[in-house]
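Enquirer: Have a look; sequence and predicted model below, questions after that.
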Amino acid sequence: MTELNGLFTSEEGERARRTVMRLLAATGGPAGDFAAEVLSGRRRPHELLAHGPVLDEFVQEARGWWQIIDALPAEDREQLAVGAWSSLERQVGEMATLDADAAVADLEELAAQVRTPPAPSRRSRPSDDEDEDWADRSYMEPL
């Protein structure tokens, strides 16, 4: 367990944690709001799983992963367990070196696209007099 603590208390681990919090804050929602609180210094990262809405979301997601892993053959589960530590180290290293500013900008751009729905398209009318949408038109609209 001390090896695990060392991974997250190292300089690389701290950079990775900060990057994850910045990415999470950019996504919004309960976890994003919590991450923003951590970044502002009002909360601590270890409090995340004591935060009700985040805990509920985490538990639901963990159940899904548990079911996926349980469905794997035993030898595949064993392979995952053997490679877990090196995978965790690699992921922490990737997060520590990720260009967080660019990733946050990408997430904010995606969020803005979701918040602003596309403009409704104007349907073209049939050229004949027997169009089917007459009942949908305003009585003031010329036929």
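Expert: Nice, thanks for sending it over.
Enquirer: Check whether V20 really touches M95, as I assumed.
Expert: Yes - using CB atoms under 8 Å, V20 is in contact with M95, at 5.8 Å. Quick note: C-beta positions are derived from backbone N, CA and C, even for glycine.
Enquirer: So what's the residue count around A96?
Expert: 19 (other CB atoms under 10 Å).
Enquirer: ok, and the closest non-adjacent residue to the residue nearest to the spatial centre of the chain?
Expert: Among the residues of the chain, the one closest to the centroid is T27, at 5.7 Å (CA atoms, centre = their mean). Residue nearest to T27 in three dimensions, not counting chain neighbours: L107, with 6.0 Å by CB to CB, 6 or more residues apart in numbering.
Enquirer: Low-confidence ranges, this structure, go.
Expert: Across the chain, the ranges flagged by pLDDT under 70 are 1-5, 116-143.
Enquirer: 90 instead, please
Expert: 1-10, 13, 17, 24, 27-34, 44-62, 65-66, 85, 88, 107-143 (pLDDT under 90).
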